[in-house]
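Trainee: requesting a structural model of the entry that follows:
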Amino acid sequence: MNDRFLQLNDVAEILNISSSQTYALVRSGELPAIKIGGRGQWRVERAELEGYIQRAYEQTRAFVAANPMTRGESIPED
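Mentor: Predicted coordinates:
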């Protein structure tokens, strides 16, 4: 799968989230995408997805640094 552009369901699969969550990321502008064609199909450029993932890592690192685990704190389950 070396396509430059991904469909939203492909992005959802890569991120292991629902299609509606992916659509919400696109509509909020958090995940840049383009709308193409007569039916307005959303597409996410692979490079934009990688950038989103890197930003998520940076935000997570900042969160962890600002909120260290305390003794006895349990790890939440997914």
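Trainee: packing partners for the longest strand seen in the chain?
Mentor: Ranked by number of residues, the top strand in the chain under DSSP state E is strand 41-45. Packing partners of strand 41-45 (3 or more Cβ pairs under 8 Å, 6 or more residues apart in numbering; DSSP states H and E): strand 5-7, helix 8-15, helix 19-28, strand 34-36. To be clear about C-beta, it is placed using only N, CA and C from the backbone, and glycine gets the same treatment.
Trainee: that one pairs with which strands?
Mentor: strand 5-7 (antiparallel), strand 34-36 (antiparallel) (DSSP bridges).
Trainee: can you give the contact residues for the last one?
Mentor: So the one you mean is strand 34-36. 5, 41-43, 45 (Cβ atoms under 8 Å, 6 or more residues apart in numbering).
Trainee: could you do stretch 2-21 as well?
Mentor: Taking Cβ under 8 Å, 6+ apart as the rule, stretch 2-21 contacts 1, 22-23, 26, 31, 33-34, 41-46, 49, 53.
Trainee: where in this structure is pLDDT low?
Mentor: Where the chain drops to pLDDT under 70, the residues are 1, 78.
Trainee: now with 90?
Mentor: Within the chain, the segments meeting pLDDT under 90 span 1-3, 38, 68-78.
Trainee: closest one of the contacts of strand 34-36 to residue 69?
Mentor: residue 45 (36.0 Å; Cβ to Cβ).
Trainee: okay, now the closest residue to the closest one other than its chain neighbours: neighbour count?
Mentor: Spatial nearest neighbour of residue 45, chain neighbours left out: residue 5 (5.7 Å); criterion: Cβ to Cβ, 6 or more residues apart in numbering. Around residue 5 there are 16 other residues, counting by other Cβ atoms under 10 Å.
Trainee: from here on, call the first residue 2.
Mentor: Done: numbering now begins at 2, and the last item shifts to residue 6.
Trainee: measure residue 6 to residue 48 for me?
Mentor: With distances taken as Cβ to Cβ, to the nearest Å, residue 6 is found 10 Å from residue 48.
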